[in-house]
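Peer 1: Sequence and predicted model, in that order:
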Amino acid sequence: MKKFYKYASFLLFPLLAFQHPAVNAQGKQAKVVCVAFYNLENLFDTIDDPKIDDAEFTPNGSGKWDSEKYYTKLSHMAEVISQIGDEYTKNGPVFIGVSEVENRRVVEDLVNTAPLKSMGYDFIHFDSPDARGIDVALLYQPKLFKVTSTKTHPLKMADTSFRTRDILQVDGLLDGELVHVLVNHWPSRSSGEIETAPKRDAAADNCLNAVKAIYKDEPNARIIIMGDLNDDPVDESLMKHLKIKTKPENLLPGDLFDPMWQLFHDGVGSLAYRDSWNLFDQIIVSSALMDKKSDGYRYLKARVFNKKFLLQKDGAYEGYPFRTYGSGVYLGGYSDHFPVYIFLVKEIR
């Protein structure tokens with residue numbers, strides 16, 4: 001198995017909160033916010049929807065998915081989300097993309113759990129044409145992030161029978177700065193990595209087209225791409241189709257920087273399969289968020305949220321993400337993915 005490293009701490013800032021600027025070692029005040037993504041692993045309600053393939057997640061289905069399990073799942077997801085980024089801000093992510101949510105109802109139930117309701121989360125969700133009925137959504141704190149527009153980018157394939165998740169685009173003002181967020185969940189590897197690679201390449205092309213459309217109107221746009229890409233940072237969909245850059249010093253205006261590449265290179269993963277770690281869950285930023293001379297927010301650090309309570313404690317999968325089901329057996333865990341997150345920092349001048 002690829003060695004799994006705990007994330008390393010960094011010393012640039014003490015504990016910070018968005019509402020309470022702090023002073024760094026150079027005597028300057030700064031604000032820090034957290035941005036995150038989390039694959040929730042089959043957040044389904046218990047109601048059979050005849051339009052999608054959700055029979056497994058019903059009381060009579062193979063998973064015996066009932067209200068008790070559903071509300072345990074909601075509680076677990078909220079527990080995780082409320083803690084992401086808590087080493088530098090105690091307010092939760094300013095916004096967090098999520099995937100594998102069945103419908104608007106489950107997202108609404110999620111933001112109404114006690115931890116997230118107290119943080120004031122709202123959300124953006126659209127139904128996707130995915131055959132299983134799973135979608136993406138964006139949870140956000142309106143007091144910190146003011147949504148200005150939303151849209152979706154469907155993936156159009158020559159094989160019109162293939163249905164997958166749309167890209168969700170949410171534009172908004174983060175402390176007065178326009179930020180464009182693209183939430184992705186690219187096609188899976190369930191039919192084989194090589195066999196399904198063209199679908200992820202097409203998804204990457206679709207994402208890049210969305211980026212180009214933003215740049216057309218705003219050449220120096222602040223763009224954050226996040227999602228479960230079902231590929232690692234080193235795969236062709238990222239390197240050749242989305243055209244990511246992996247070294248900050250090599251960035252040109254309009255480039256996309258993937259900080260997850262270095263994490264993966266260092267042995268960090270967000271999910272495990274057959275004794276190997278993958279880093280499918282990624283957050284990618286545009287070059288404007290890498291400009292150290294900018295007066296606005298800029299990228300600071302990327303991490304995988306892998307606290308001990310999210311780990312399988314024993315058995316053959318000890319050390320793997322502690323998931324809801326394993327080999328068809330209800331485990332009562334969290335998700336088969338760890339969340340990923342980044343910090344953005346802004347000096348107060």
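Peer 2: Ah, there it is.

Peer 1: now the helices for this protein?
Peer 2: With DSSP state H, the ranges of helices along the chain come out as 67-83, 104-111, 114-119, 193-217, 236, 260-265.

Peer 1: and the last one, which residues are buried?
Peer 2: Of the residues in helix 260-265, those with enough neighbours to count as buried (16 or more other Cβ atoms under 10 Å) are 260-261, 263-264. (Glycine included, C-beta is placed from N, CA and C.)

Peer 1: neighbouring contacts of that helix?
Peer 2: 232-234, 244, 246, 279, 281-284, 302-304, 340 (Cβ atoms under 8 Å, 6 or more residues apart in numbering).

Peer 1: Dump those into CSV; add pLDDT, neighbour count and distance to Asp127 as well.
Peer 2: As requested, the contacts of helix 260-265 are arranged in CSV below (pLDDT from 0 to 100; neighbours: other Cβ atoms under 10 Å; distance: Cβ to Cβ, whole Å):
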residue, pLDDT, neighbour count, distance to Asp127
Asp232, 98, 19, 29
Pro233, 98, 23, 30
Val234, 98, 14, 33
Ile244, 98, 23, 29
Thr246, 97, 18, 35
Leu279, 98, 25, 28
Asp281, 98, 27, 22
Gln282, 98, 27, 24
Ile283, 98, 21, 24
Ile284, 98, 28, 25
Ala302, 98, 23, 30
Arg303, 98, 26, 31
Val304, 98, 23, 29
Val340, 98, 30, 25
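
Peer 1: remind me which residues of this structure are low pLDDT?
Peer 2: Where the chain drops to pLDDT under 70, the residues are 1-27.

Peer 1: Select the longest strand from it.
Peer 2: As assigned by DSSP state E, the longest strand anywhere in the chain is strand 29-43.

Peer 1: so what's Pro253 closest to, chain neighbours aside?
Peer 2: Ser287 (5.6 Å; Cβ to Cβ, 6 or more residues apart in numbering).

Peer 1: now the one you found: how far from Leu331?
Peer 2: With distances taken as Cβ to Cβ, to the nearest Å, Ser287 is found 42 Å from Leu331.

Peer 1: ok, now Pro129?
Peer 2: Taking Cβ to Cβ, one finds Pro129 at 30 Å from Leu331.

Peer 1: One more: Lys240?
Peer 2: Counting by Cβ to Cβ, the gap from Lys240 to Leu331 is 38 Å.

Peer 1: Please apply the same query to Phe257.
Peer 2: 36 Å.

Peer 1: Same drill for these two, tell me which one is more crowded.
Peer 2: Phe257 (21 against 14; other Cβ atoms under 10 Å).

Peer 1: does the more buried one really touch Leu242, like I thought?
Peer 2: No: applying Cβ atoms under 8 Å, one finds Phe257 not in contact with Leu242, separated by 11.3 Å.

Peer 1: Now list whatever residues contact both of those two.
Peer 2: Common neighbours of Phe257 and Leu242 (Cβ under 8 Å, 6+ apart) are Ile284.

Peer 1: Identify the residues contacting His153.
Peer 2: 166-167, 169, 182, 206-207, 209-210.

Peer 1: Which ones among the contacts of helix 260-265 lie within strands?
Peer 2: 244, 281-284, 302-304, 340.

Peer 1: Now tabulate the buried residues of helix 260-265 in a markdown table and tack on distance to Arg323.
Peer 2: Output for these, formatted as a markdown table (distance: Cβ to Cβ, whole Å):
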| residue | distance to Arg323 |
| --- | --- |
| Met260 | 21 |
| Trp261 | 26 |
| Leu263 | 21 |
| Phe264 | 21 |
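
Peer 1: Find the pair from these with maximum spatial separation.
Peer 2: Greatest spacing in the buried residues of helix 260-265, by Cβ to Cβ: Trp261 and Leu263 (7.3 Å).

Peer 1: returning to that earlier point: export the helices of the chain to JSON lines and tack on distance to Asn39?
Peer 2: Rendered in JSON lines, the data for the helices of the chain read as follows (distance: least, Cβ to Cβ, whole Å):
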{"stretch": "helix 67-83", "distance to Asn39": "11"}
{"stretch": "helix 104-111", "distance to Asn39": "14"}
{"stretch": "helix 114-119", "distance to Asn39": "17"}
{"stretch": "helix 193-217", "distance to Asn39": "15"}
{"stretch": "helix 236", "distance to Asn39": "22"}
{"stretch": "helix 260-265", "distance to Asn39": "14"}
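
Peer 1: nearest to Leu344, of the ones you listed?
Peer 2: Across the helices of the chain, closest to Leu344 is helix 260-265 (Cβ to Cβ), at 15.6 Å.

Peer 1: spatially speaking, which residue is in the middle of the protein?
Peer 2: What sits nearest the mean C-alpha location of the chain, by Cα atoms, centre = their mean, is Phe37, with 1.9 Å.

Peer 1: can I assume it is in contact with Val183?
Peer 2: Yes: counting by Cβ under 8 Å, Phe37 touches Val183, with 7.5 Å between them.

Peer 1: tell me, what's touching those two both at once?
Peer 2: 97-99, 226-227.

Peer 1: picking that back up, make CSV from the contacts of His153 and add distance to Asp159 and neighbour count to it.
Peer 2: Compiled in CSV, the contacts of His153 are given as follows (distance: Cβ to Cβ, whole Å; neighbours: other Cβ atoms under 10 Å):
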residue, distance to Asp159, neighbour count
Asp166, 17, 21
Ile167, 19, 23
Gln169, 24, 21
Leu182, 24, 23
Asn206, 15, 22
Cys207, 19, 25
Asn209, 19, 11
Ala210, 21, 20
